[in-house]
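Asks: Sharing a model prediction with you, sequence too.
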Amino acid sequence: MRKIAGLVRLGLLAALTLPPPSRASDWPQFRGPNASGRTPDDTRLPADIGPTTNVLWKTALPPGHSSPVVVGDRVYLTAIRQKRLLTLALDRKDGRILWEAEAPAPALEQVHRIGSHAQPTPTADTERVISFFGSCGLFCYDRAGKLLWHRPMGPFKNDFGAASSPVLAGDWVLLCQDHDQDSFLMALDKRSGKTVWKTDRTEFLRGFCTPVVWDVAGRKQVVVAGTLRVAGYDLQTGKEVWTVRGISRTVCMTPTVGDDGRLYVAGWSAGGDAGARIEVEPFDTVLKRLDKNGNGKLEASELTTGPMADRFTQVDLDKDGSITRQEYERFRELFEKGRNVLLAIRPGRGPGDSGSGDVTDSHVVWRNTRQVPFCASPLFLDGLVYTVKDGGLLACLDARDGKVLQNDRLPGRGSYYSSPVAGDGKIFLLDVQGRLTVVKAGRKWEVLGSSDFEEDVYATPAIAKGRIYLRTAGHLYCFGLPPKK
């Protein structure tokens, strides 16, 4: 009770203080400003960081995979403690937990075996923080942790759970949810939580891409990559403007907009690499051999081996425990058409080149099918595109033509769920085992330092005003150079 009372007092004190002005150096959402992965300021950052090196503060946290966001004097993130879904606010100066707010959940939905019920990253401005907990919905709090509004969602049909994050675009909250049924993209009023527009994305199956905003010829578009294609939607109306086809069947990463005005998109899923294609027999062939009960469908007890059996809950779109011909052939089509690829897409340039409709053949500048990451989003920096593949393969490509300039292995050689982020000419990369590599950016990058946090890492670090905020399985670290004497 004493701890709760203390948190309440802290919350009341916070409510009496005016929010600090918004700063360009804030990191207000997943991967920072517009999911770029780059800090806009040039404040010096340490190249040598680790569990005991250049640590300004360290705070123990409940588990969660969401990434920290930094706005004004606060750091926000989500977590789960004893089946309680939490949004936390920390003091940016010293890491003190100022408040935590619980998002009531009647029941916790199923998530991936290595997933978390606190996967999506919150988004914030100087007045509010908005958290998302899958079917539990969106929760908007003020700076003191008071609930302003709540929008329930779902229930979503996806046994991996929800992972794409909400983002703020002016006065609107953008949320994309691609699941095995009833996928959608929507905009909500950030002050009331009311729907501004909602666009059906039923054709897109489960995916985990966070939307980005692309300014094209003075008009803002919301871009989302999903099943087999990437699409741009008019920000004001939610109507689809253009599409590029020929990407993977599942997308786990988020696109980025380069300073050159181009969009860089990647998608990887098993069976999409040339030379490692997954081929699936037609439904009728399999049914004739395996349909023991003669009901014209396939149950898990009948379909026990092969790529469809391994993904039974994904193929079974309506989750009724059996796979119909339509469900089977739909997924078989994904294996046939899915391609693992990194794309550079140019914007439309006005009259005569509007960039509308299917622009696959006209607006894709280059393709790369070898340096394609799984979960870690691509990073654009100073005319170069960086990707990190599982196993620690870091590639640097020339953004103009996609030419690979360097492709070497990092000290951290595990899987990469955390996306690379950059500041002060340095790139920070973390594998899932918590091994950090700091790289000097450039056409020929070089490793500046590495360390081992000895805790799993799924979250993407935040960089704001000379500070690096790094979340491990049990802690949030803040790193920075010591003040000059």
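Replies: Perfect, I can see it now.

Asks: Contact partners for Arg219?
Replies: The contact partners of Arg219, by C-beta atoms under 8 Å, 6 or more residues apart in numbering, come to Asp234, Leu235. In this view, the C-beta of every residue, glycine as well, is placed from N, C-alpha and C.

Asks: Beta-bridge partners for it, please?
Replies: Val216 (DSSP bridges).

Asks: what's the spacing between it and Pro347?
Replies: Arg219 sits at a distance of 10 Å from Pro347 (criterion: C-beta to C-beta, to the nearest Å).

Asks: where do the helices sit along the stretch 351-485 of the chain?
Replies: Assigned by DSSP state H, counting those that start in this stretch, the stretch 351-485 of the chain shows helices spanning 360-363.

Asks: so where's it uncertain?
Replies: 351-352, 354, 485 (pLDDT under 70).

Asks: can you count the residues close to the closest residue to Gly412 other than its chain neighbours?
Replies: Using C-beta to C-beta, 6 or more residues apart in numbering and skipping the chain neighbours, the partner closest in space to Gly412 is Arg435 (3.4 Å). Look at Arg435: counted by other C-beta atoms under 10 Å, it has 20 neighbours.

Asks: for Leu410, same thing?
Replies: 21.

Asks: Surely it touches Val447?
Replies: Yes - counting by C-beta atoms under 8 Å, Val447 is a contact partner of Leu410 at 7.0 Å.

Asks: any residues in contact with both of those two?
Replies: In contact with both Leu410 and Val447: Thr437, Val439, using C-beta under 8 Å, 6+ apart.

Asks: how near is the residue nearest to Gly412 to Gln119?
Replies: Per C-beta to C-beta, Arg435 is found 21 Å from Gln119.

Asks: quick revisit: separation between the residue nearest to Gly412 and Ser66?
Replies: 21 Å.

Asks: what about stretch 245-260, how long is it end to end?
Replies: End-to-end span of stretch 245-260 (C-alpha to C-alpha, to the nearest Å): 22 Å.

Asks: Same check on stretch 203-220?
Replies: Stretch 203-220: ends 24 Å apart by C-alpha to C-alpha.

Asks: Going forward, count from 855.
Replies: Got it, the first residue is 855 from now on, which makes the last one we talked about stretch 1057-1074.

Asks: tell me the mean pLDDT for the strand or helix carrying Ser985?
Replies: For Ser985, the host element (DSSP states H and E) is strand 982-986. What strand 982-986 shows for mean pLDDT is 98.

Asks: where do the helices sit along the stretch 905-1054 of the chain?
Replies: Using DSSP H, counting those that start in this stretch, the stretch 905-1054 of the chain contains no helices.

Asks: Poorly predicted segments of it, please.
Replies: The stretch 905-1054 of the chain contains no residues with pLDDT under 70.

Asks: so how far is Asp945 from the closest residue to Leu1330 other than its chain neighbours?
Replies: Spatial nearest neighbour of Leu1330, excluding adjacent residues (C-beta to C-beta, 6+ apart): Thr913 at 5.0 Å. Plainly put, Thr913 is 9 Å away from Asp945 if you go by C-beta to C-beta.

Asks: give the contact list for Arg1005.
Replies: Gly991, Leu992, Leu1042, Gly1047.

Asks: Domain map for this protein?
Replies: Taking automatic domain parsing as the reference, the chain has its domains at 856-866+878-1123+1192-1333, 1137-1190.

Asks: Distance to Ala1130 added to these, as TSV?
Replies: Formatted as TSV, those follow (distance: least, C-beta to C-beta, whole Å):
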stretch	distance to Ala1130
domain 856-866+878-1123+1192-1333	9
domain 1137-1190	12
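
Asks: closest one to Gly1129 among these?
Replies: Distance to Gly1129, taken as C-beta to C-beta, is lowest for domain 856-866+878-1123+1192-1333 among the domains of the chain, at 10.3 Å.

Asks: Quickly list what the nearest residue to Ser1305 once chain neighbours are set aside is bridged to.
Replies: Take Ser1305 and drop its neighbours on the chain: the residue closest to it by C-beta to C-beta, 6+ apart is Gly904, 3.2 Å away. For Gly904, the beta-bridge partners are Thr907 (DSSP bridges).

Asks: buried ones in stretch 1175-1182?
Replies: Ser1176, Ile1177, Thr1178, Glu1181, Tyr1182 (16 or more other C-beta atoms under 10 Å).

Asks: wait, stretch 1006-1018
Replies: Neighbour-count burial for stretch 1006-1018 [16+ other C-beta under 10 Å]: Met1007, Phe1010, Lys1011, Asn1012, Asp1013, Phe1014, Gly1015, Ala1016, Ala1017, Ser1018.

Asks: Stretch 1032-1040 too?
Replies: Within stretch 1032-1040, the residues that count as buried by 16+ other C-beta under 10 Å are Asp1032, His1033, Asp1034, Ser1037, Phe1038, Leu1039, Met1040.

Asks: what's the answer for stretch 882-896, then?
Replies: For stretch 882-896, burial by neighbour count (16+ other C-beta under 10 Å) applies to Pro882, Gln883, Phe884, Arg885, Gly886, Asn888, Ala889, Ser890, Gly891, Arg892, Thr893.

Asks: ditto for stretch 1267-1286
Replies: Taking 16+ other C-beta under 10 Å as the criterion, stretch 1267-1286 shows 1268-1286 as buried.

Asks: Which stretches in the stretch 1005-1154 of the chain count as strands?
Replies: When assigned using DSSP state E, counting those that start in this stretch, the strands of the stretch 1005-1154 of the chain occupy the ranges 1021-1023, 1026-1031, 1038-1043, 1049-1054, 1066-1070, 1073-1080, 1083-1088, 1094-1099, 1110-1111, 1117-1121, 1152-1153.

Asks: Identify the residues contacting stretch 1244-1264?
Replies: Contacts of stretch 1244-1264 (C-beta under 8 Å, 6+ apart): 1112, 1114, 1116, 1118, 1196, 1198, 1219-1222, 1224-1225, 1227-1228, 1234, 1237-1243, 1265-1270, 1283, 1285, 1291, 1293, 1296-1299, 1301, 1304.

Asks: Using ChimeraX, define a selection of the buried residues within those residues.
Replies: Buried subset of the contacts of stretch 1244-1264, written as a ChimeraX selection, criterion 16+ other C-beta under 10 Å:
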select :1112,1116,1118,1196,1198,1219,1220,1222,1225,1227,1228,1234,1238,1239,1240,1241,1242,1243,1266,1268,1269,1270,1283,1285,1291,1293,1299,1304
